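Chemist: Below are the sequence and a predicted model; questions follow.
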Amino acid sequence: MPQADNDPNLKNLLLANSRTSTFWKQAFAIEGSITPHVLPNVLIVGSISWLITVISNYIESRYAIKVGLPLDCFEFSGAALGLLLVLRTNSGYDRWWEARKLWGGIVNQCRNVAISAQAYGPTSHIWQLKLSRLVAVFPHAAKASLRNEPLSPQAAKLIGEKNAAEISEADHMPTAVALHIAKHLKSAVDSNELNQFSFMQIDKERAQLIDHVGACERIMKTPLPVVYAIKIRRFIAVFLLTLPFALLHTFDDNSLVPLVTMLVAYPLFSLDQIGVELQNPFNTKHLSHLPLDEISSTIERNVCALVKSTDLKDDLPETVTPAQESLINGSFLKMLTNNFKRKSKM
């Protein structure tokens, strides 16, 4: 039997099977799915469709009156409705992706502040440790502020109970942490252990942290216009509640009308709900919210590791030997000679 490590065909087959199993696993997954949220509405539409079918059959059999609507108008209106729902979903995804990019900026800025402070700031281990822990607390404070949650207990482990309580009681927790960072940098300037130019560069990185948080708050506090959602949902309701009348005489058996109506309702309700879920990517009650816990832990781990790391030794020798200097000078003269000959030929 061939080994997967040596047989490329077997490796490709295993990979294809893995992808297939992942597809079906996600196709029937319940956790993280929008189905539980829209299923009640789908069942309501199915029940109304069944009621319309029963009443229509009774009227036709009792009074010989044919009840129905032309199906052609639903083809055009259905296409327009689908386009509106796609536009709404795209708007929600744009908000979600912008929030993710902003948190990517928070990750980078926290690293930049910590690296610059470690490189240009005081060499005191206590000063560096306090700075790194303040920077590590910032994403926890930003996450708590965006989610309207209390500050994570991890903050108390990093900066102590007293400082954590002070930040928790602040009107805006990220700003309180940024102020502590600025004051800590200023203390190094006052003691002449950090020059003004380095301070300005590091403080610029710190200021961008607040800019990123402010942009996240703009997303959180500015949902899509309510009038837009109302109109789309009215359009969906009218479309689905009148669709059974167009399907009454489409099938040989009218008992299929409720089933087909529910099959049409499921994707429409799903797209509408996805647009709602993506509006606020910070709320843990929404599906596909940003993994801010993991991102904050990553920042904390990266920043705190800088204090524990030791300076790397340079692979190059600190001094140049006479033999190396002669070799360098000879190579340099040879390069100049070749350039001179090339220009002379031109």
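Modeler: Arrived safely, thanks for sending. Residues are numbered from 1 along each chain as shown.

Chemist: and the nearest residue to E193 once chain neighbours are set aside, how many neighbours?
Modeler: Computed as C-beta to C-beta, 6 or more residues apart in numbering, the closest residue to E193 that is not its neighbour in sequence is P122, at 3.9 Å. Using the backbone N, CA and C atoms, a C-beta is placed for each residue, glycine as well. Counted by other C-beta atoms under 10 Å, the residues lying close to P122 total 17.

Chemist: is it true that P122 touches Q128?
Modeler: Yes: the pair P122 / Q128 is scored as a contact, 7.3 Å apart, by C-beta atoms under 8 Å.

Chemist: ok so, going back, secondary structure class of the residue nearest to E193, three-state.
Modeler: P122 falls in the coil class when you classify it by DSSP: H, G, I helix; E, B strand; the rest coil.

Chemist: Give me the phi and psi angles of it.
Modeler: Per-residue torsions, P122: phi -60, psi 150 (degrees, to the nearest 10).

Chemist: who's in contact with the residue nearest to the spatial centre of the chain?
Modeler: Compute the mean C-alpha point of the chain, and by C-alpha atoms, centre = their mean the closest residue is R100, 3.5 Å away. Going by C-beta atoms under 8 Å, 6 or more residues apart in numbering, R100 touches P281, L290.

Chemist: do you know how far T175 is from G214?
Modeler: Between T175 and G214 the distance is 10 Å, computed by C-beta to C-beta, to the nearest Å.

Chemist: For the helix or strand containing L263, the averaged confidence score.
Modeler: Here L263 is covered by helix 256-277, with elements defined by DSSP states H and E. Taken as a whole, helix 256-277 has a mean pLDDT of 92.

Chemist: can you give me how far that helix is from the chain middle?
Modeler: Mean-position distance between helix 256-277 and its chain equals 26 Å (C-alpha atoms, centre = their mean, to the nearest Å).

Chemist: Which strands or helices does the following helix or strand past that helix pack on?
Modeler: Later in the chain than helix 256-277, the nearest helix or strand by DSSP H and E is helix 292-308. Helix 292-308 sits against helix 72-120, helix 125-147, with contacts defined as 3 or more C-beta pairs under 8 Å, 6 or more residues apart in numbering; DSSP states H and E.

Chemist: Same list (the ones you listed) but as JSON lines, adding mean pLDDT and distance to I202.
Modeler: As requested, the helices and strands packed on helix 292-308 are exported to JSON lines (pLDDT from 0 to 100; distance: least, C-beta to C-beta, whole Å):
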{"stretch": "helix 72-120", "mean pLDDT": "92", "distance to I202": "5"}
{"stretch": "helix 125-147", "mean pLDDT": "94", "distance to I202": "10"}
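
Chemist: what about S77, how many neighbours?
Modeler: Neighbour number of S77 under other C-beta under 10 Å is 15.

Chemist: before we move on, the earlier item: which residues are in contact with the residue nearest to E193?
Modeler: Residues in contact with P122 (C-beta under 8 Å, 6+ apart) are Q128, A188, S191, E193, L194.

Chemist: Could you tell me the per-residue confidence at it?
Modeler: P122 is given a pLDDT of 91.

Chemist: Quick check, M220 in contact with L146.
Modeler: Yes: between M220 and L146 there is a contact at 5.9 Å, judged by C-beta under 8 Å.

Chemist: Mind listing the shared neighbours of the two?
Modeler: The contact sets of M220 and L146 overlap at F282 (C-beta under 8 Å, 6+ apart).

Chemist: buried stuff in stretch 27-40?
Modeler: The neighbour-count criterion (16 or more other C-beta atoms under 10 Å) identifies I34, V38 as the buried residues of stretch 27-40.

Chemist: Thank you, goodbye.
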